[in-house]
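[1] Here is a sequence together with a model predicted from it:
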Amino acid sequence: MDNLAPEILHEIFRLACTDGGFTGCSLSLVSKHVKLASRSARFHSVAISGTSRQLADFLSLLTKEQATAGADGYTPVVKHLFFSAVRSREIKEDRRVVSKSLLWENDRSEDRVEKTAIGASRGTYLQDVDTLFRLLAQGLETLSFIHCHGWATLTRLSGIECPGGFPVLRELTIVGNHPFVGAVPSVFYPSLTHLHLDFPSWLNEPSLWAERSPHVTHLCLSNINHITQPLEDLASTGNPFKELSRLYVQPEAPPAPGGWCGNPYMEHAMFMCDFAIFPHTATIPTHSLRHREGNTENWTRKEWLGRIGGGFGCWIPFEPKMDDTATSARHELWDGSLDRVEEFILSLVSPAAEAVTALTLLHLRDSLD
C-alpha cells in the first residue's frame with residue numbers, strides 16, 4: 001500500500017468512506033501514512049447527530065485538518081452530510097427554568113444562574129451550526145437535515161446563514177421547516193434535482209420551494225395526512241415545479257393498534273383509500289410509498305446511507321401506469337373500498353370497541369350509498 005500513488009489511494013478511500021464517518025475514523029487509526037493519505041476521503045460522508053459536543057468536536061477536527069492540508073493537494077471536503085439537531089433535553093431544561101421564573105416573581109439567584117448557563121450553551125450550539133454550514137454549503141452534494149418537526153423532539157433551528165446558498169447540492173431531505181437563509185435572492189439550490197420534504201412543511205410554502213430549487217425533477221412528500229388541493233394541482237400539472245417528472249407520496253403512519261375508539265382508525269382508513277387512488281388519477285407519474293415505521297431519524301439516515309452507497313433510497317424506479325383510471329374522477333374508484341376500510345379498522349381497534357365501531361361503519365356505509 002505504501003507504494004501506491006496518492007491519487008489511487010484517494011479514490012480507494014473515497015469509495016470506502018460512504019458510511020457517515022465510521023470508516024473514516026477507522027482509517028485515521030491505522031497508521032500515520034494511511035491517516036495522511038486518507039485525509040480528504042475521510043470527510044467524504046459525515047453524519048452528525050446526538051449531542052452538541054459531537055458537533056463541536058467535528059468542527060475542531062475539520063478546521064485542524066484543513067489548516068494542515070495543502071501540500072498534498074487533498075483538502076478535506078464534505079460531499080455528503082447527514083445532520084440531526086440535538087435532542088430536546090436542553091429545551092426541556094430551559095422550559096423548566098422558565099416555568100420557575102413565571103411561577104415565582106422573586107426569581108432566585110440559582111435559577112438565574114442556571115437559566116443563563118443554558119442560554120449560553122444553546123447560543124454556542126447555534127453558533128456552531130452556523131459555522132458548520134458556512135464551511136460546508138459550497139461543496140455539499142447531498143444533505144439530509146432533521147430538526148424539530150413535532151412535539152419538542154429535537155431542537156428547532158432557523159436562520160442558518162448560507163450566503164452563497166448550496167450551488168452543487170443535488171439531493172436534499174429536510175424534516176421540519178426550511179432552516180437556511182442567505183444573500184442569494186431566490187435560487188438557493190440551482191443544481192438540486194431530488195427534493196424530499198415533510199408534507200406539512202411543503203404545504204406551508206410550495207411556491208417558495210419552487211423558487212429556491214427551479215430544476216427539481218423528483219419530489220417526495222412524506223407524512224401526508226390528507227389529499228389537499230395544492231397536492232392535487234401538483235400531481236396534475238407539476239405546478240409550481242416546472243421540470244417535475246416524478247412524484248413520490250408517503251402517508252403518515254396509522255394510529256397505534258388497541259385503541260378504545262374507532263374514529264381515528266376510520267379517519268385514517270378512509271384517507272388511505274383516497275391515498276391509494278391518488279396515483280392513478282395523477283397526470284405527473286406518481287408512486288406511493290409505505291409509511292415510515294419507527295424513529296424518523298433512523299429511517300432518514302438509512303435512506304441517506306443507501307443513496308450515497310449507490311442505492312435508490314426513496315427514489316424507487318417505476319414505470320408510469322397509463323390506464324383508464326388516469327382520467328377518472330376519484331369517487332368512481334371507490335367501489336369495493338369500504339370493505340377494505342372495515343377490515344382494516346376492525347383489525348386495529350381493541351376487542352371491546354369492535355361492536356361500537358362496526359355500528360359506526362354501518363351508518364357510514366348507509367350514508368355513502
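    Happy to help now that I have it.
[2] Spell out the residue ranges of the strands in the stretch 1-150 of the chain.
    Using DSSP state E, counting those that start in this stretch, the strands of the stretch 1-150 of the chain run over 45-48, 80-84, 142-146.
[3] Which secondary structure elements does the helix or strand that the last one is followed by sit against?
    It stands for strand 142-146. On the C-terminal side of strand 142-146, the closest following helix or strand by DSSP states H and E is strand 160-161. Where contact means 3 or more CB pairs under 8 Å, 6 or more residues apart in numbering; DSSP states H and E, strand 160-161 is packed against helix 109-136, strand 180-181. All C-beta atoms are positioned from the backbone trio N, CA, C, and that covers glycine.
[4] worst average pLDDT in those?
    The minimum mean pLDDT among those belongs to helix 109-136 (a mean of 71).
[5] hang on, the earlier thing: format the strands of the stretch 1-150 of the chain as TSV; extra columns: mean pLDDT.
    What follows is those, written out as TSV (pLDDT from 0 to 100):
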stretch	mean pLDDT
strand 45-48	92
strand 80-84	95
strand 142-146	96
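[6] between the ones you listed, which gets nearest to residue 182?
    Of all the strands of the stretch 1-150 of the chain, it is strand 142-146 that lies closest to residue 182, at 14.3 Å by CB to CB.
[7] The closest one - contacts with which helices or strands?
    Judged by 3+ CB pairs under 8 Å, 6+ apart, strand 142-146 is in contact with strand 80-84, strand 171-175, helix 296-308.
[8] could the ones you listed be laid out in CSV, adding distance to residue 143?
    Formatted as CSV, the helices and strands packed on strand 142-146 follow (distance: least, CB to CB, whole Å):
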stretch, distance to residue 143
strand 80-84, 5
strand 171-175, 5
helix 296-308, 9
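[9] Export those as CSV, with columns for distance to residue 20 and mean neighbour count.
    Output for the helices and strands packed on strand 142-146, formatted as CSV (distance: least, CB to CB, whole Å; neighbours: other CB atoms under 10 Å):
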stretch, distance to residue 20, mean neighbour count
strand 80-84, 6, 23
strand 171-175, 14, 23
helix 296-308, 6, 19
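[10] Which of these comes out lowest on mean pLDDT?
    Mean pLDDT is lowest for helix 296-308 among those, at a mean of 90.
[11] so what does that helix touch, helix or strand wise?
    Under the contact definition 3+ CB pairs under 8 Å, 6+ apart, helix 296-308 sits against strand 45-48, strand 80-84, strand 142-146, strand 171-175.
[12] then it to CSV, C-alphas only?
    Extracted C-alpha coordinates of helix 296-308, given in CSV (Å, rounded to 0.1, in the frame of the first residue of the first chain):
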residue,chain,number,x,y,z
THR,A,296,-37.8,9.3,11.9
GLU,A,297,-34.1,10.0,12.3
ASN,A,298,-33.2,6.3,11.9
TRP,A,299,-35.4,6.0,8.8
THR,A,300,-34.0,9.1,7.2
ARG,A,301,-30.4,8.2,8.0
LYS,A,302,-30.9,4.7,6.5
GLU,A,303,-32.2,6.3,3.2
TRP,A,304,-29.3,8.7,3.1
LEU,A,305,-26.7,6.0,3.6
GLY,A,306,-28.5,3.9,0.9
ARG,A,307,-28.2,6.8,-1.6
ILE,A,308,-24.5,7.6,-1.1
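[13] ok, residues contacting that helix?
    18-20, 45, 47, 49, 80, 82, 84, 142, 144, 146, 149, 171, 173, 175, 292-293, 312-315 (CB atoms under 8 Å, 6 or more residues apart in numbering).
[14] Neighbour count says what about those residues? Which are buried?
    Neighbour-count burial (16 or more other CB atoms under 10 Å) applied to the contacts of helix 296-308 gives 18-20, 45, 47, 49, 80, 82, 84, 142, 144, 146, 149, 171, 173, 175, 292, 313-315.
[15] wait, which of the strands of the stretch 1-150 of the chain is closest to residue 281?
    For those, proximity to residue 281 was assessed by CB to CB; strand 142-146 is nearest, at 30.8 Å.
[16] Direction included, what does that closest one pair against?
    Here strand 142-146 has these sheet partners by DSSP bridges: strand 80-84 (parallel), strand 171-175 (parallel).
[17] Now those strands in a markdown table, please, with extra columns for distance to residue 6.
    Converted to a markdown table, the strands paired with strand 142-146 look like this (distance: least, CB to CB, whole Å):
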| stretch | distance to residue 6 |
| --- | --- |
| strand 80-84 | 22 |
| strand 171-175 | 29 |
